[in-house]
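Trainee: I'll drop the sequence and a predicted model, then ask my questions.
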Amino acid sequence: QVQLVESGGGLVQAGGSLRLSCAASGRTFSSTAMGWFRRAPGKEREFVAAFRWSGGSTYYADSVKGRFTISRDNAKNTVYLQMNSLKPEDTAVYYCAYQPVDSRRYDTEREYAYWGQGTQVTVSS
């Protein structure tokens, strides 16, 4: 079992920044993948970013490329999502997710077996 706890959400003005954290517990990080997804009001959950442990490759949705950065801290078993130049359309509940086996498909929800409870990000205009 893996437990994921997100933190760092909040209210920020457009153009501002936030850093989300996802702390994992319950097992040792190994070669797998972690991702961030979000669900905006009235919309389906969508892929935001992913980090592949093997090789450290990162993947981003087109809508956040150049603004968001996903990273990890092995010692803390934590994955981060640094969000810069935030826009009102980034307002959503953000979820981190964990693939126990690297599926090499990082933008697909069903490939992630474990999910956090979500953290709200609100960007005001």
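Mentor: Yes, it's here. Because the structure is predicted, anything quoted here is derived from the model rather than measured. Residues are numbered from 1 along each chain as shown.
Trainee: okay, and for the chain, where does confidence drop off?
Mentor: Scanning the chain for pLDDT under 70 picks out 28-31.
Trainee: residues near the residue nearest to Arg105 when sequence neighbours are not counted, how many?
Mentor: The shortest distance from Arg105 to any non-neighbouring residue, by C-beta to C-beta, 6 or more residues apart in numbering, is to Glu111 (5.0 Å). All C-beta atoms are positioned from the backbone trio N, CA, C, and that covers glycine. A count of nearby residues for Glu111, using other C-beta atoms under 10 Å, gives 18.
Trainee: in this protein, which spans are strands?
Mentor: 3-7, 10-13, 18-25, 33-39, 46-52, 58-60, 68-73, 78-83, 92-99, 114-115, 119-124 (DSSP state E).
Trainee: picking up where we left off before, who's in contact with the residue nearest to Arg105?
Mentor: For Glu111, the contact set (C-beta atoms under 8 Å, 6 or more residues apart in numbering) comprises Gln99, Ser103, Arg105.
Trainee: what's the answer for Ser57, then?
Mentor: Counting by C-beta under 8 Å, 6+ apart, Ser57 makes contact with Phe51.
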